[in-house]
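# would you be able to build a 3D model of this:
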Amino acid sequence: MTDTSPTTAEREALRDKVALVTGGASGIGRLAALSLADAGAEVVVADIDEAGAREVAAQVGGHAVALDVSDLDANHAAVAYAQEHAGGLDLVLLNAGVTSDTIVGDQFDLARYRRAMGANLGGVVFGTQAALPALKARGGGSIVVTASLAGLTAVPADPIYAANKHAVVGLTRSLGPLLAGDGIRFNAVCPTFAETPLIAHVRDGLRAAGFELLDPQIVADTALRLFAGEMTGECWFCQIGRSPAPFQFRNLPGPRPAPDEERQAR
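Below is the predicted model:
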């Protein structure tokens, strides 16, 4: 398979940057924290699992902070921690997320719905809201969010997860151009099922159904490439057997004059 690791130039672009990684105690977030540190960045590992965050921070020689991403005040506190302990903020990976474990219909669970929307969408909105002043204070920066292929297609088996990931994709495409004037780039990674603790409860079922699981390092590598690049408002898919690349959205149909017979009938 094609090597997805950042190039020497991309790694050099990350050297001496300060990065905040949410959901950094495990899975994609942990791998991204390790890769960022290996590229020379100073990493602040944020996670609701504070012990796990401290463990990863010790591995990367960085910092750890407890964070419930669904809490706006907690996001502001995590950014303030990065500014106080690392001197500022340049890169933000809004990676924390959960499965929905509920569905619209007879099995709908309001608490699980709110938990999923709070982490997967609120965590991106609140994380961005908290990070913007810190990034602007440095003259700009880069935000990468972890979306999903579920944000690019229909997912009847998990419509709540698909809904919040579609929202993250829409936010990415909209904030990219909106924040460009402030020197802030905003992009998303959209992986297929990756081998992480997030899918532990469905791993056996996925394999039984013939799904191959993606190496999560590919997702972490793609996030680093987005941090180092010049693109904004892009959603990069990470799919089995393909090199990560920006998803090409079709344009909306434009307006056109009504046919002559329709105009005459009015």
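
# show me which helix runs longest in this structure.
Identified as the longest helix of the chain according to DSSP state H is helix 159-179.

# next, the angle helix 159-179 makes with the helix or strand following that helix.
Reading on from helix 159-179 to the C-terminus, the next helix or strand found by DSSP states H and E is strand 184-191. Interaxial angle, strand 184-191 versus helix 159-179 (axes from the mean of the first three to the mean of the last three CA atoms, to 10 degrees): 150 degrees.

# just the CA atoms of strand 184-191, as CSV, please.
Provided in CSV are the C-alpha atoms of strand 184-191 (Å, rounded to 0.1, in the frame of the first residue of the first chain):
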residue,chain,number,x,y,z
ILE,A,184,-6.8,29.6,10.1
ARG,A,185,-7.3,26.4,8.0
PHE,A,186,-10.0,24.0,8.8
ASN,A,187,-10.1,20.4,7.4
ALA,A,188,-11.5,17.0,8.2
VAL,A,189,-10.4,13.4,8.0
CYS,A,190,-13.2,10.9,7.0
PRO,A,191,-12.1,7.3,7.8
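
# same question for it, mean pLDDT?
Averaged over strand 184-191, pLDDT sits at 98.

# that strand: partners in the sheet, and parallel or antiparallel?
strand 141-146 (parallel), strand 235-238 (parallel) (DSSP bridges).

# coming back round to it: buried residues, the longest helix of the chain. List them.
159-169, 171-173, 175-176, 179 (16 or more other CB atoms under 10 Å). In this view, the C-beta of every residue, glycine as well, is placed from N, C-alpha and C.

# quick one: low-confidence ranges for the stretch 1-150 of the chain?
Applying pLDDT under 70 to the stretch 1-150 of the chain picks out residues 1-2.
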